[in-house]
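J.: Sequence and predicted structure are below.
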Amino acid sequence: QVQLVESGGGLVQPGSSLRLSCVASESTLGKYAVGWFRQAPGKEREVISCITSRTGNIYYRDSVKGRFTISRDDAQNAVYLQMDMLKPEDTAVYYCAADPKVIRLWVDQEYEYRGQGTQVTVSS
């Protein structure tokens, strides 16, 4: 059972940056595709960004392209989400999810493992 722990959320002003971390309890995260999702109050969970394992292919939601950057450090069993130029509409609970065999990277339910989330609030 792989446990994922997110951190790095907080309350920031518009235009600020945050770096979210997703750290796995096992050293096998490098073999997993990892996705970042978010869920705002009253809204459905949506995919933000995904990164595959072997090829390292990366995908971004259109609304975060050019502002968010996903990266992975397999030696640290971690995947990061650098978020720049944050906007109030980025306010949500951010979750990471991991799976060794996921095909539809943008579908949260297809990941076997997921964390508890970290709150990001962007407000002036």
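T.: Nice, thanks for sending it over. Numbers count the residues shown, from 1 in each chain.
J.: tell me which element the closest residue in space to residue 107 that isn't next to it in sequence falls in.
T.: Spatial nearest neighbour of residue 107, excluding adjacent residues (Cβ to Cβ, 6 or more residues apart in numbering): residue 47 at 7.7 Å. Every C-beta, even on glycine, is put in place using the N, C-alpha and C of the backbone. Assessed by DSSP states H and E, residue 47 sits inside strand 46-51.
J.: Next: residue 121.
T.: With DSSP H and E as the test, residue 121 turns up in strand 118-122.
J.: list the helices and strands that strand packs on?
T.: Packed against strand 118-122 by the contact rule (3 or more Cβ pairs under 8 Å, 6 or more residues apart in numbering; DSSP states H and E) you find strand 10-12, strand 18-24, strand 92-99.
J.: Repeat the analysis, applying 6 Å as the threshold.
T.: When contacts are defined as 3 or more Cβ pairs under 6 Å, 6 or more residues apart in numbering; DSSP states H and E, strand 118-122 packs onto strand 92-99.
J.: List the contacts of the strand it packs on.
T.: Contacting residues not belonging to strand 92-99 are listed as 4, 6, 20, 22, 32-40, 111-115, 117-120 [Cβ atoms under 6 Å, 6 or more residues apart in numbering].
J.: mind listing what the helix or strand following it pairs with, with the direction of each?
T.: The helix or strand immediately downstream of strand 92-99 is strand 113-114, counting by DSSP H and E. Take DSSP bridges as the rule and strand 113-114 pairs in its sheet with strand 92-99 (antiparallel).
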